[in-house]
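> Give me the fold of what follows.
(one chain, ligands or ions: 2)
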Amino acid sequence: MQPPTSSPSPVPVMSPLDPHSFAGASPVRVRHLVLDLSVDFDSRTLAGTATWHLANPGAGAEAVFDTRDLSIEAVEALTETGQAAPAGFSVGAPDAILGQALRVALGPQTVALRIHYRTAPTAAALQWLKPAQTAGTQPFLFTQSQAILARTWLPCQDSPGIRFTYEATVRVPAHLLALMSAENPQQLDPGGEYRFRMAQPIPAYLMALAVGDLRFAPLSERTGIYAEPATLPKATHEFADLEKMVTAAEQLYGPYRWERYDLLVLPPSFPFGGMENPRLTFVTPTILAGDRSLTSLVAHELAHSWSGNLVTNGTWNDFWLNEGFTVYFERRIMEHLYGREYADMLQVLGRSALHHTIEEIGIASPDTHLHLALAGRDPDEGLTEIAYEKGCALLLTLESLVGRPRLDAFIKEYFARFSFQAMDTASFLHYLRAELLNREPGLEAKLNLAAWVEGPGLPSNAPAVSSRRFGAVAHALVQLRQGAAAQELRPATTEWSSHEWVHFLHGLPPTLPQEQLAELDAAFLLSASGNAEILAAWFPATIRAGYAAATPALENFLRHVGRRKFLVPLYRALLATPDGLARARAIYAEARPNYHSVATGTLDTLLNART
Ligand code: BES
Ligand code: ZN
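Ligands and ions are numbered 1, 2, ... in the order given. Model prediction:
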């Protein structure tokens, strides 16, 4: 079919309804939140009020909010002049995934609703850590709201297409610092009361709170690090290039719209590598490798300040619009700072992760499409590497077809035009056709969008990726397969970064015997590596071979690190061994208290060991 060459049709594309929010369908929308919370570590609860100012209170007879495991104690309706009166409300039947709809009746004068509530000690977004689970001597609390967990710590319209500004007052035990996805304090308040303001509108999944024994260290005028005192020096060293990353990102795709960009280094139980909470990215301490080798993760979270936080996936079915653009952008930042050869390594590692994921979920599964169909399911299940790496591969394909200058101009304009708005897949395709594809006959046919968006696996027009630096890795693997001793590989490996090591370890023959692993370990001290990516790539080989010398390091890793991306493959590798189930369960029983609900949700199912 010949693509149309005319300008876009004036008919607006209707945004699809969010299947993961009761509030998504509510005509009455929120616009501003005033949050007032007390943090109680003893009872493991947050309690207080969420006052929601409504954008269009006249649009309906009720306002609908998402909640899950919250106790709603009372609701007041507020008038323009601030008069409060009790409001009628109802909490709907619980849905295992979505939680419960909170419906509040609106009076003719109502402009805002004040909801009095408290969280459950088991609230899925919250992880309450004992001092022993931190780097210091104080307890710690952090939230993880994406994808649909914000509703477990505040009643909200928990749909990525609904944005609001906010201010908050948070009371915490003295000597602890509270931080949010907002303007943050840089110093302790002796009374433990902190005030926050987020002036740019954000969706609920970007609401974030952390409380702990935290200190701040500036890196540049607008960047800095928060971490526990024991972690702060290492972190400031690791992220020394943060300002350069922000500058590079701005040069690529336009101004940074959130004023400050700080990082918060969390305790190791944080279930993700990073989370792009606006103004304050949360990161795992497992990227503190000492040699700055794992900072592409920071470039990734920073890139979300455009793809995700400015232009936001309309529903979780459109997740690739957040993550695919972000992975592409992340690698452009890394290329800008460290050169093409560095970025090429990331592309190759990403592409092999994609092939691995496609194999794992099966080419026939619709979960390998960019546009997902997650209605009725927990979005957490369907949000896979596909969105990241197939999404990035689509942009690489576009790059190969139109060239970087045109693609960059397109992306920059896309971010500018849809800033602080939601974008769904159909609307994006419409925009892409109008701005890029329709301007050159034959382009759409070459791209074959349908294969990318609604088709399986990796389409055949994806450009191949290759890495010159991985040539040496391939050579070492050949030597090893031909019987070379590990020591003989030494000269070739002296300059390797963790990326070469990870590629090497992934390339090991699947059935390497124990003796050879012992040799590799002796030559390269792999079990003793301080680099979590290297460990996570090494342990599966040791598990498969039953190489017992690595067991203490493996168990130590599983007990302390809560990052799901590492845990799942390691527990799977254990399960694939003869006595694996019992062993995995034994380790899990001990380690589970250190994991966030996001990780235990996955692992409970994997190990079939609900506790
Ligand atoms: N936004 C994601 C994390 C996320 C995704 C949380 C879906 C909940 C649901 C974040 O930007 C991310 O992608 N983190 C990655 C690191 C990245 C370098 C691929 C991670 O945590 O591994
Ligand atoms: Zn991401």
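> how does the chain divide up, domain by domain?
With domains defined by automatic domain parsing, the chain comprises 1-209, 214-466, 485-608.
> Alongside ligand 1, which residues does the stretch 151-300 of the chain contribute?
Contact residues, the stretch 151-300 of the chain versus ligand 1 (C-beta under 6 Å from any ligand atom): 272-276, 297, 300. The C-beta positions use only the backbone N, C-alpha and C, and glycine is treated the same way.
> can the longest helix along the chain be found next to ligand 2?
Counting by DSSP state H, the longest helix found in the chain is helix 340-361. No - on the criterion C-beta under 5 Å from the ion, helix 340-361 is out of touch with ligand 2, staying 12.3 Å away.
> Give the buried residues for that helix.
Using 16 or more other C-beta atoms under 10 Å as the test for burial, helix 340-361 gives 342-352, 354, 357-358, 361.
> where does Ser21 land in three-state SS?
Following DSSP: H, G, I helix; E, B strand; the rest coil, Ser21 is assigned to coil.
> Could you check how far the residue lying closest to it once chain neighbours are set aside is from Arg29?
Beyond its immediate neighbours in the sequence, the residue positioned closest to Ser21 (C-beta to C-beta, 6 or more residues apart in numbering) is Ser159, lying 3.8 Å away. The gap separating Ser159 from Arg29 is 10 Å, by C-beta to C-beta, to the nearest Å.
> for Ile162, same thing?
According to C-beta to C-beta, Ile162 and Arg29 sit 6 Å apart.
> still on that earlier bit, CSV please, covering the domains of the chain and showing mean pLDDT.
Putting the domains of the chain into CSV (pLDDT from 0 to 100) gives the following:
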stretch, mean pLDDT
domain 1-209, 94
domain 214-466, 98
domain 485-608, 96
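> Distance to Leu477 added to those domains, as CSV?
Converted to CSV, the domains of the chain look like this (distance: least, C-beta to C-beta, whole Å):
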stretch, distance to Leu477
domain 1-209, 37
domain 214-466, 13
domain 485-608, 5
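> can you tell me which of those domains comes nearest to Ala472?
Between Ala472 and the domains of the chain, the shortest gap by C-beta to C-beta is with domain 485-608, which sits at 5.7 Å.
> touching ligand 2 at all, the closest one?
No - remark: domain 485-608 sits outside contact range of ligand 2, by C-beta under 5 Å from the ion, the gap being at least 11.7 Å.
> Run the chain-centre distance for that domain.
Relative to its parent chain, domain 485-608 has a centroid offset of 23 Å by C-alpha atoms, centre = their mean, to the nearest Å.
> Can you give me the end-to-end span of that domain?
Distance between the two ends of domain 485-608: 41 Å, counting by C-alpha to C-alpha, to the nearest Å.
> Ser220 versus Thr247, what's the distance?
Distance from Thr247 to Ser220, counting by C-beta to C-beta: 9 Å.
> higher neighbour count, the two?
Looking at Thr247 and Ser220 with other C-beta atoms under 10 Å, you find the greater number of neighbours at Thr247, namely 17 against 13.
> Might you enumerate the residues of the protein proximal to ligand 2?
By C-beta under 5 Å from the ion, the part of the chain that sits against ligand 2 consists of 323, 326.
> Can you name the residues bridging to the residue positioned nearest the centre of the chain?
The residue lying closest to the centre of the chain (C-alpha atoms, centre = their mean) is Met275, at 4.3 Å. Counting by DSSP bridges, Met275 forms beta bridges with Phe282.
> do you know how far it is from Arg404?
When distance is defined by C-beta to C-beta, Met275 is 29 Å away from Arg404.
> again, but for Gln347
If you go by C-beta to C-beta, the gap between Gln347 and Arg404 works out to 14 Å.
> ok, of the buried residues of helix 340-361, which one's closest to Asp262?
For these, the minimum distance to Asp262 (C-beta to C-beta) is 24.0 Å, reached by Leu346.
> who touches the closest one in this structure?
296, 330-331, 334, 499 (C-beta atoms under 8 Å, 6 or more residues apart in numbering).
> Kindly report the same for Pro121.
Remark: with contacts taken as C-beta under 8 Å, 6+ apart, Pro121 is in contact with 43-45, 128.
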